[in-house]
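Asker: predicted structure and sequence below. I'll ask about it afterward.
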Amino acid sequence: MRRFENKTVLVTGASSGIGLATASLLAREGARILAVSRDGARLEQAIAQWEDPSRHVALPLDVRNDALVEAATATIRHSYRPLHAAVLCAGQHALRPLQAVKSEWINDLMAGNLTATLLCSKLFLRCAGPEGGSLVWLSSVAALTGNPAETVYAAAKGALISACRGAAVEFAPRRIRVNVVAPGVVETPMSQAWLQNLTAEQLAAVKQRHLLGFGSPGDVAEAIAFLLSEQARWITGTTLVADGGFSCH
């Protein structure tokens, strides 16, 4: 399929994991990707693997920083608008019991998940064309279930689910749809970083709750691409859970 032919799509977190898989899929389907990550070198390596690399753009950027996002907005408006869609995958994961957290740690996790997504949604709104477009945010099944040591992370990802509904209403006059994907555990460098800290028993328990096993980045990318596409043109303000059955328990 070439569902995104001649479309320009912003993808944050595009240098690894779900963001990379999504950007790669959209590129294969004809999109020009504005690939965003703090790691410029990894962005360039990723783009070099895509169809017609010269069509895509690497934008090294810390999406938690208001001033930097404002500067990127000006660059995109001048050189790359209109944006037709955006996938906001940049995020942070961390485990810590609530009794051990401090405000600085809470604020950092909120900035990496909620603040970054909202700032980039504002960027998209200012760079979208008159025909509208589609936004997909990346939440987590942790927002929908209770898990030890994930209280703050769940709060940040749950805030995205709540904010999505407000943004869907706010952006509807511009014909911009806003939806969320909430994955379970996906085999990415980020997930490996915390899974390796679990005991064998804890890891087995997490795997068992995923009725279809752990997911791949491509599994989530396909769900994201559906929500971005015209096939989902009547869907906004909703959350698509792609968790291998984790939330069934």
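Answerer: Now that the structure is in, tell me what you want to look at. Residues are numbered from 1 along each chain as shown.
Asker: where is the longest strand in this protein?
Answerer: strand 176-183 (DSSP state E).
Asker: chain neighbours aside, what residue packs nearest to residue 165?
Answerer: Once flanking residues are discounted, residue 165 sits nearest to residue 237: 4.7 Å by Cβ to Cβ, 6 or more residues apart in numbering. Just so you know, the C-beta spots here come from the backbone N, C-alpha and C atoms, and that holds for glycine as well.
Asker: any stretches of this protein with poor pLDDT?
Answerer: Across the chain, the stretches falling below the confidence threshold (pLDDT under 70) are 194.
Asker: skipping adjacent residues, who's closest to residue 115 in space?
Answerer: residue 64 (5.8 Å).
Asker: which residues of this protein fall in helices?
Answerer: Remark: helices assigned in the chain by DSSP state H are 17-28, 40-47, 66-79, 103-110, 116-127, 151-171, 189-195, 200-209, 217-228.
Asker: okay, the shortest one in CSV with CA atoms only?
Answerer: Spelled out, that is helix 189-195. Below are the C-alpha coordinates for helix 189-195, written out as CSV (Å, rounded to 0.1, in the frame of the first residue of the first chain):
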residue,chain,number,x,y,z
PRO,A,189,16.0,-1.1,23.6
MET,A,190,13.9,0.9,26.1
SER,A,191,12.0,-2.1,27.3
GLN,A,192,15.1,-4.3,27.5
ALA,A,193,16.7,-1.7,29.8
TRP,A,194,14.1,-2.3,32.5
LEU,A,195,13.2,-5.9,31.8
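Asker: follow-up on the earlier one: give me every residue that touches the residue nearest to residue 115.
Answerer: Residue 64 makes contacts with 111-112, 115-116, 119, as judged by Cβ atoms under 8 Å, 6 or more residues apart in numbering.
Asker: make CSV out of the residues you listed and add neighbour count and distance to residue 26.
Answerer: Shown next, in CSV, are the contacts of residue 64 (neighbours: other Cβ atoms under 10 Å; distance: Cβ to Cβ, whole Å):
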residue, neighbour count, distance to residue 26
111, 17, 26
112, 20, 23
115, 20, 25
116, 24, 20
119, 21, 21
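Asker: tabulate those (CSV), appending distance to residue 130.
Answerer: As requested, those are arranged in CSV below (distance: Cβ to Cβ, whole Å):
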residue, distance to residue 130
111, 32
112, 32
115, 28
116, 27
119, 23
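Asker: determine which two of the residues you listed are furthest apart.
Answerer: 112 and 119 (11.4 Å; Cβ to Cβ).
Asker: and the gap between the closest residue to residue 185 other than its chain neighbours and residue 42?
Answerer: Of all residues not flanking residue 185 in the chain, residue 214 sits nearest, at 5.0 Å (Cβ to Cβ, 6+ apart). To residue 42, residue 214 is 23 Å away according to Cβ to Cβ, to the nearest Å.
Asker: thanks a lot, see you next time.
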